[in-house]
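Visitor: Return a 3D structure for these sequence lines:
(chains A, B, C and D)
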Number of protein chains: 2
Amino acid sequence: MDHPATAPGASGATNPRDHADGPARRGPRPNLAAVARAAGVAPSTASLAFSGAGPVSDDAKARVLAAAAELGYGGPDPRARSLRRGRSGVIGVVMDERLSDAFRDPVNVLTLDGIAEVAGEAGASLLLVRSPLDDEHGAGPIVDAPMDAVVLVGCNVRIDPAVAVLRRRQIPVVAIEADDIEGAVPVQLDNREASHRAASYLADLGHTAVTIVTLPLDAERRCGPVDADREASGVAHTTLERLRGVREVYPDAPAIEAAGSSVEDGRVAGRTLFAEGAPTPTAVVAQSDLLAVGVVSAALDAGLRVPEDVSVIGFDGITVDDSLLHRSPIRQLTTLVQPFEQKGRAAARAALAMLEGAEPQPAAFRSELRIGDTTGPVRRALGG
Amino acid sequence: MDHPATAPGASGATNPRDHADGPARRGPRPNLAAVARAAGVAPSTASLAFSGAGPVSDDAKARVLAAAAELGYGGPDPRARSLRRGRSGVIGVVMDERLSDAFRDPVNVLTLDGIAEVAGEAGASLLLVRSPLDDEHGAGPIVDAPMDAVVLVGCNVRIDPAVAVLRRRQIPVVAIEADDIEGAVPVQLDNREASHRAASYLADLGHTAVTIVTLPLDAERRCGPVDADREASGVAHTTLERLRGVREVYPDAPAIEAAGSSVEDGRVAGRTLFAEGAPTPTAVVAQSDLLAVGVVSAALDAGLRVPEDVSVIGFDGITVDDSLLHRSPIRQLTTLVQPFEQKGRAAARAALAMLEGAEPQPAAFRSELRIGDTTGPVRRALGG
DNA sequence: CTGAAAGCGCTTACAG
DNA sequence: CTGAAAGCGCTTACAG
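Guide: You can find the predicted model right below:
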């Protein structure tokens, strides 16, 4: 399925790179020394003519530029420049998942947004890198890509190998939403407090039977009930904090772990939750909006009304698309809205600061409870 | 609004980078020579121990690794390695817009998906770069970021400066959805033929009054009617091809240019289209799904029924979220579905091939007309 | 299997 | 304002 037809007229017989283009470029790529020679100046002068980092006479500069054009010189080689300068102008963005999965989650895309904005303004470019798997330590871009600083995005799970590598490389690290990592600047959210607030809101509505649908606790993509052992073995900081926040209000609330953060993962968890015969909660706290939509969808499928029979609350405040929901009267999820772009911007600023040798600013952000139409007062107890 | 509170307990008094970490790392970063010295081997042997590119005795290798650990050496510096090798393992992804805008369009994200998949498998990392503005030639990452090859994504507009720079740098270029660019390997879609098919489908349904809502024709973010002059001045290949495809069936179909590809841009165009007093088309061909949703939304706002009063057809086959639509009975757009991921994969493969010095494969893909519920037979002529 | 040598292409003090 | 020199850290033929 993945083998495209070759475009009939598009390729032609010649290699596209064979096209001559103004000044012929025969032989090896010219370097700055060759340009300087052609211009009749010293290499250092030619360098200055390009970088503007020192005084050069207009005449010398013009000769250098003319020689460069003549030889087809494309400007100083960034590889050599970065070796010499000790900097490459590249900020690494490390994500937990396959990049193609990461892009599927709006949470990551929105964060990237903020990072890209600040990095772009500063002239830095973003290198997308996947966190290394356990079995490939010592390989992969995180080990050998040029990066001046790194931002960990949505790395809840499997952060340790990445951080270890980066620390050894002495690359400054900014960690969004990870537990305090030794040597990394944190950009944090009030996960626990926010979850506490959401739970309190449900308590105010009279809910007592609350179940939590959690994000993954580690990289194993398990799904199912979270018992004490499972919770103790969890490494995902965000997941644990959000869980604790709800438990501060509902100490005995059962939890179900989802395999990931997608609508489908939420649906799977929801099916368990609303299975016939099982005691049905009157409210569900899901740790992401995607999960929440899946839970709502499972509830509707099970013939329950939302919020009349069951309230559902999410986390993130993103816009979610799900066709099943469209058939329902639900217009907006009750959720905790978090400032992704701001978090991304703060992370990028911290990374740039470390790059400059300045003291980076740790940052903490707040989520706001946004009340939509997936939550309501608890239904009257049947026997009440 | 963007100044986060400093996290109370998160920062502490010390610079995170001051943390000692096992072997002290005093003074300057060690280099491979220092490691070799400490291990009692030649630098070349130490290099081989890390790269595995040649035979090294187990003993020598162990001594090198031990010395590296002892000195806190994080492995060969990628900057030096890439200078020496002439390769950096980085593929640039160049986009037309601010990256934060680019991420907002699913079209780009899906394409990036495919690129990331193939690049990731090959161990290459992706450098996100914005196409330079006209007024910043000679600056920005496209000029001085290390990249072995580049993929142009969604660069319809403002490609020329980028391509000129890349050509001078002699960086191989793969262009997704751009007109044949001299020296670039094309990854193309059947924009014209697909649009022709969509138009034919409308013709079969009896539509004669068809209006086209186009993507931008250049970078100026204009919106309004496309007259012959405007069309002649257009530089966006995709826009023009899709326009031509429809015109092959409806030679006189009027066109309105949208300022961008968003639901809101589509809505703006739609408002013009369905303004009172204006002659209303019985069908609209929008050049993207986002635009199509905006048009549908404007039609509903104007009190028209879709598809009974007006049919709307999109392009892309993405999932679109729009709350207004949810209130309507419309479940799926009629649209031309294009294989974004496949296009991305093909582009990445071509880039990798050029990197290896192999002959890259130009690729061409096909869009499929997917009939949803936004199109239907033309309404009976009022006077008919 | 190991070592000595050369050089990738640039920039930056430094002296004029 | 310009030039000669050194060196960023590595890898790769090449000889042993």
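Visitor: Need the mean per-residue confidence for stretch A:287-294.
Guide: Computed over stretch A:287-294, the mean pLDDT rounds to 95.
Visitor: Quick check: buried residues in the helix or strand that contains residue A:242?
Guide: Secondary structure assigned from DSSP states H and E places residue A:242 in helix A:237-249. Going by neighbour count (16 or more other C-beta atoms under 10 Å in any protein chain shown), the buried part of helix A:237-249 is A:237-243, A:245-247, A:249. Backbone N, C-alpha and C define where each C-beta goes, glycine included.
Visitor: That one near chain B at all?
Guide: No. Contact of helix A:237-249 with chain B is not found when judged by C-beta under 8 Å from any C-beta of the partner chain; the minimum separation is 12.6 Å.
Visitor: First-to-last residue distance for stretch A:254-265?
Guide: Distance between the boundary residues of stretch A:254-265 (C-alpha to C-alpha, to the nearest Å) amounts to 18 Å.
Visitor: Can you get me a residue count around residue A:57?
Guide: Burial of residue A:57, expressed as a neighbour count using other C-beta atoms under 10 Å in any protein chain shown, amounts to 11.
Visitor: cool, and residue A:329?
Guide: By the other C-beta under 10 Å criterion, the neighbourhood of residue A:329 contains 10 residues.
Visitor: Backbone dihedrals for it, please?
Guide: In this entry, residue A:329 is assigned phi and psi values of phi -80, psi 0 (degrees, to the nearest 10).
Visitor: Excluding chain neighbours, what is closest to it?
Guide: Of all residues beyond its chain neighbours, the one nearest residue A:329 is residue A:373 (7.7 Å), with distances taken as C-beta to C-beta, 6 or more residues apart in numbering or on different chains.
Visitor: Next one: the residue lying closest to residue A:370 once chain neighbours are set aside from chain B, what distance?
Guide: Among residues not flanking residue A:370 along the chain, residue A:337 sits closest, at 4.9 Å (C-beta to C-beta, 6+ apart). According to C-beta to the nearest C-beta, to the nearest Å, residue A:337 stands 14 Å off from chain B.
Visitor: Check the contact between residue A:337 and residue A:316; I expect there is one.
Guide: Yes. Using C-beta atoms under 8 Å, residue A:337 is in contact with residue A:316, at 7.3 Å.
Visitor: so what are the domain limits for chain A?
Guide: Following automatic domain parsing, one finds the domains of chain A at A:18-73, A:90-189+A:340-367, A:191-338.
Visitor: can you map out the strands along chain A?
Guide: With DSSP state E as the criterion, chain A has strands at A:90-95, A:125-130, A:149-153, A:173-176, A:184-189, A:210-214, A:224-225, A:255-257, A:283-286, A:311-316, A:334-337, A:363-365, A:368-370.
Visitor: Run the angle between the second one and strand A:90-95 for me.
Guide: Taking axes from the mean of the first three to the mean of the last three C-alpha atoms, to 10 degrees, one finds strand A:125-130 and strand A:90-95 inclined to each other by 30 degrees.
Visitor: circling back to that earlier point, more crowded one of residue A:337 and residue A:316?
Guide: Neighbours per residue, other C-beta under 10 Å: of residue A:337 and residue A:316, the larger number sits with residue A:316, 25 against 18.
Visitor: Contact residues of chain A facing DNA strand D?
Guide: Remark: the part of chain A in contact with DNA strand D comprises A:40-45, A:48, A:54-57, A:59-60, A:80, A:83-84, A:86, using C-beta under 7 Å from any atom of the strand.
Visitor: In helices, which of the residues you listed fall?
Guide: In this view, the residues of chain A next to DNA strand D that belong to helices under DSSP state H are A:43-45, A:48, A:59-60, A:80, A:83-84.
Visitor: how about TSV for those, with pLDDT, distance to DNA strand C and neighbour count added?
Guide: Formatted as TSV, the entries for those read as follows, by pLDDT from 0 to 100; distance: C-beta to the nearest atom of the strand, whole Å; neighbours: other C-beta atoms under 10 Å in any protein chain shown:
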residue	pLDDT	distance to DNA strand C	neighbour count
A:43	94	5	14
A:44	93	3	12
A:45	94	8	19
A:48	94	6	18
A:59	91	15	9
A:60	91	12	18
A:80	95	3	16
A:83	95	4	20
A:84	94	4	12
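Visitor: Just give me the closest of those residues to residue B:73.
Guide: Ranking those by separation from residue B:73, with C-beta to C-beta as the measure, puts residue A:83 on top at 16.9 Å.
Visitor: one step back: and which of the ones in helices among the residues of chain A next to DNA strand D is nearest residue A:216?
Guide: Of all these, residue A:216 sits closest to residue A:83, with 40.0 Å by C-beta to C-beta.
Visitor: Which stretches in the stretch 251-384 of chain A count as helices?
Guide: Applying DSSP state H, counting those that start in this stretch to the stretch 251-384 of chain A gives helices spanning A:263-273, A:289-301, A:323-326, A:340-355.
Visitor: Where do the helices of the stretch 51-200 of chain A begin and end?
Guide: With DSSP H, counting those that start in this stretch applied, the stretch 51-200 of chain A shows helices at A:58-71, A:78-85, A:99-102, A:106-121, A:141-144, A:160-168, A:191-204, listed in chain order.
Visitor: mean pLDDT for the ones you listed: which is lowest?
Guide: Going by mean pLDDT, the lowest-scoring of the helices of the stretch 51-200 of chain A is helix A:99-102, which has a mean of 75.
Visitor: Show me the contact partners of it.
Guide: Residues outside helix A:99-102 that contact it (C-beta atoms under 8 Å, 6 or more residues apart in numbering or on different chains): A:95-96, A:108, A:128, A:130, A:153-154, B:112-114, B:116-117, B:120, B:126, B:341.
Visitor: Low-confidence bits of the stretch 251-384 of chain A, can you list those?
Guide: Segments of the stretch 251-384 of chain A classed as low confidence (criterion: pLDDT under 70) are A:321-327, A:380-384.
Visitor: give the contact list for residue A:92.
Guide: A:126-127, A:129, A:142, A:145, A:147, A:149-151, A:171.
Visitor: For residue A:221, which non-adjacent residue is spatially closest?
Guide: Once flanking residues are discounted, residue A:221 sits nearest to residue A:259: 4.5 Å by C-beta to C-beta, 6+ apart.
Visitor: Assess the claim that residue A:209 and residue A:279 are in contact.
Guide: Yes. Shown here, residue A:209 and residue A:279 form a contact pair, counting by C-beta under 8 Å, at 7.2 Å.
Visitor: and those two? which has more neighbours close in?
Guide: Neighbours of residue A:209 and residue A:279, each counted by other C-beta under 10 Å, are more numerous for residue A:209; the result is 16 against 8.
Visitor: And that one, its phi and psi?
Guide: Dihedral angles for residue A:209 - degrees, to the nearest 10 - are phi -100, psi 90.
Visitor: residue contacts, it?
Guide: Contacts for residue A:209 (C-beta under 8 Å, 6+ apart) come out as A:279-283.
Visitor: May I see those arranged in a markdown table, with distance to residue B:287 as well?
Guide: Below are the contacts of residue A:209 laid out as a markdown table (distance: C-beta to C-beta, whole Å):
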| residue | distance to residue B:287 |
| --- | --- |
| A:279 | 52 |
| A:280 | 47 |
| A:281 | 47 |
| A:282 | 48 |
| A:283 | 45 |
